[in-house]
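> Return atomic coordinates for the entry below.
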Amino acid sequence: MTQALNEIDDWIDHSQSWHALHIRQNAAPVYGAHPGLERAIIDLYAEECRFCFSEEVYELYQWHDGNILMGEMANPISLSSLDHAMSLMIQGHVPYRPYLPLFVGDDAYYVIPQAVAGQATSPIFFFDGRIMPGDTKPIWGNFCPSFFAPSITALMQAMAECIKTYDGISAEYMRMDDANKELDIYLDHTYNLSILTPIYQKYGVVGTAAGLWR
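Residues are numbered from 1 along each chain as shown. Down below sits the predicted model:
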């Protein structure tokens, strides 16, 4: 995963795409990439919340402590800071406590299950947390079968390959660089999605699930 994260960093730092420029030009803490955490700090979060992390989670949050905009389709999806992810879990935004939301949108939660000591990887699942008219809390069902990633590494490797191939992670944000985007938004978005899908499938990532990379 280290190589993929380095490639994503290099893209954020140097690409002239709308997506990379947006991340680069919007400073933390509101927008933009946060610095990574020391492993000892991540350990404190794990101990306080009694949630065991896989080694992938340690590497991810040592890379950046969140706030990196990943994708959007009327619902921006960002890598959450570890503190915010833990707060969402404790406050019950995710219905079952053993799941930690890593990538979060207005009503979308990409979550990982609790690991066991020494576990190397974490699969990623998707919860749709939309609030229906008349309700005050999200209506939770089972994991949405439309999205699954076998590991954080697989997702990041797919993102890195999309960056190398098409200078973008998200089909929606790739569309921002298209001079003809206003002519037919739907067809342009559908085309971008069609060229990204084979790359994500190559790494075992299934579906788009409300915009993580769509």
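
> Next one: the closest residue to residue 204 other than its chain neighbours relative to residue 121, how far apart?
Among residues not flanking residue 204 along the chain, residue 150 sits closest, at 4.5 Å (Cβ to Cβ, 6 or more residues apart in numbering). From N, CA and C alone the C-beta is placed, and that goes for glycine too. Between residue 150 and residue 121 the distance is 8 Å, computed by Cβ to Cβ, to the nearest Å.

> For this protein, which segments count as strands?
Along the chain, counting by DSSP state E, strands occupy 68-71, 77-79, 99-104, 108-113, 125-128.

> wait, which of the ones you listed is closest to residue 175?
Checking the strands of the chain against residue 175 by Cβ to Cβ gives strand 68-71 as the closest, at 11.4 Å.

> Which elements pack onto the closest one?
helix 18-25, strand 77-79, helix 171-174 (3 or more Cβ pairs under 8 Å, 6 or more residues apart in numbering; DSSP states H and E).

> Which neighbours in the sheet does that strand have, and how are they oriented?
Taking DSSP bridges as the criterion, strand 68-71 forms sheet pairs with strand 77-79 (antiparallel).

> starting at the chain centroid, how far to the strand it pairs with?
Relative to the chain's own centre, strand 77-79 is displaced by 5 Å; criterion: Cα atoms, centre = their mean, to the nearest Å.

> if we can go back for a sec, same list (the strands of the chain) but as a markdown table, adding mean neighbour count, mean pLDDT and distance to residue 190.
Formatted as a markdown table, these follow (neighbours: other Cβ atoms under 10 Å; pLDDT from 0 to 100; distance: least, Cβ to Cβ, whole Å):
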| stretch | mean neighbour count | mean pLDDT | distance to residue 190 |
| --- | --- | --- | --- |
| strand 68-71 | 22 | 84 | 15 |
| strand 77-79 | 23 | 87 | 19 |
| strand 99-104 | 23 | 88 | 23 |
| strand 108-113 | 24 | 84 | 20 |
| strand 125-128 | 21 | 78 | 21 |
